[in-house]
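Peer 1: give me a model of this one.
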Amino acid sequence: GTTTISGTSESGASINVYAGSALIGNGTAVACDWTVIVSPAFVSGNVITVKAATSGKCESAASLPITVNALPAATIKSNSPVCEGYNLNLESSGGVSYLWTGPTNSDFNSTDPKPIIYGVTASPYSGTYSVTVTGSNGCQATLTTDVTIIAMVDFIASSDSPVCEGSPLQLSLTDGGPGY
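Peer 2: Numbers count the residues shown, from 1 in each chain. Presented below is the predicted three-dimensional model:
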């Protein structure tokens with residue numbers, strides 16, 4: 001990952017960014033704006049100093065202590081695949097608040113870390129579910145999981161009942177779908 005440090009300075013100024021005494025990035029102000037991309041490992045917990053220098057002028061500097069908060073250690077899981085008519089169990093952890101959304105055609109959303117959707121059907125509940133997990137520091141991570149809902153097959157049960165005691169009983173299941 002990277003951290004972006006940006007600011008304004010006189011156009012054309014040469015920008016150097018330091019963590020302690022180590023130069024961690026540099027750039028040039030264009031139309032007074034500048035951006036330097038650095039590794040967060042150099043930023044968090046350090047005093048960052050930005051120095052700007054323009055030809056014919058004295059160098060100026062500004063220093064600030066910087067904290068880069070970590071993203072929540074978010075997790076996501078489900079009990080997919082699930083047969084139609086059964087419950088879909090979703091679960092996320094690693095944060096203090098959760099915002100779930102479901103596949104495009106579903107109206108599913110939830111703020112529960114472990115929502116349950118009862119008696120699901122393939123449409124509209126098969127698809128991608130997303131959860132945005134917010135950590136205690138306000139940082140967010142978004143995760144997705146693909147869910148498959150399996151259609152149930154209709155069977156017709158039959159037997160040769162009644163039969164006499166001691167005689168075999170024949171049971172059969174026939175696919176009750178179209179053209180059975």
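Peer 1: next SSE after the worst-scoring helix or strand of the chain on mean pLDDT?
Peer 2: In the chain, the helix or strand scored least confidently by mean pLDDT, DSSP states H and E is helix 40-43, which has a mean of 62. Following helix 40-43 in sequence order, the next helix or strand is strand 47-53 (DSSP states H and E).
Peer 1: show me where this structure has its helices.
Peer 2: In the chain, the helices defined using DSSP state H lie at 40-43, 122-125.
Peer 1: run through the residues that contact the closest residue to residue 2 other than its chain neighbours.
Peer 2: In space, and not counting its chain neighbours, residue 2 is closest to residue 37: 4.9 Å by CB to CB, 6 or more residues apart in numbering. Quick note: C-beta positions are derived from backbone N, CA and C, even for glycine. Residue 37 makes contact with 2, 3, 4, 5, 25 under the criterion CB atoms under 8 Å, 6 or more residues apart in numbering.
Peer 1: which ChimeraX command selects the buried ones in these?
Peer 2: The ChimeraX selection below is limited to those of those classed as buried (16 or more other CB atoms under 10 Å):
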select :3,5,25
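Peer 1: between the contacts of residue 37, which sits nearest residue 88?
Peer 2: Nearest to residue 88 out of these is residue 2 (CB to CB; 36.9 Å).
Peer 1: number of residues surrounding residue 98?
Peer 2: Using other CB atoms under 10 Å, residue 98 has 22 neighbouring residues.
Peer 1: number of residues surrounding the residue nearest to it when sequence neighbours are not counted?
Peer 2: Leaving aside its sequence neighbours, residue 98 sits nearest to residue 113 (CB to CB, 6+ apart; 4.8 Å). Residue 113: 17 surrounding residues under other CB under 10 Å.
Peer 1: understood, closing this out.
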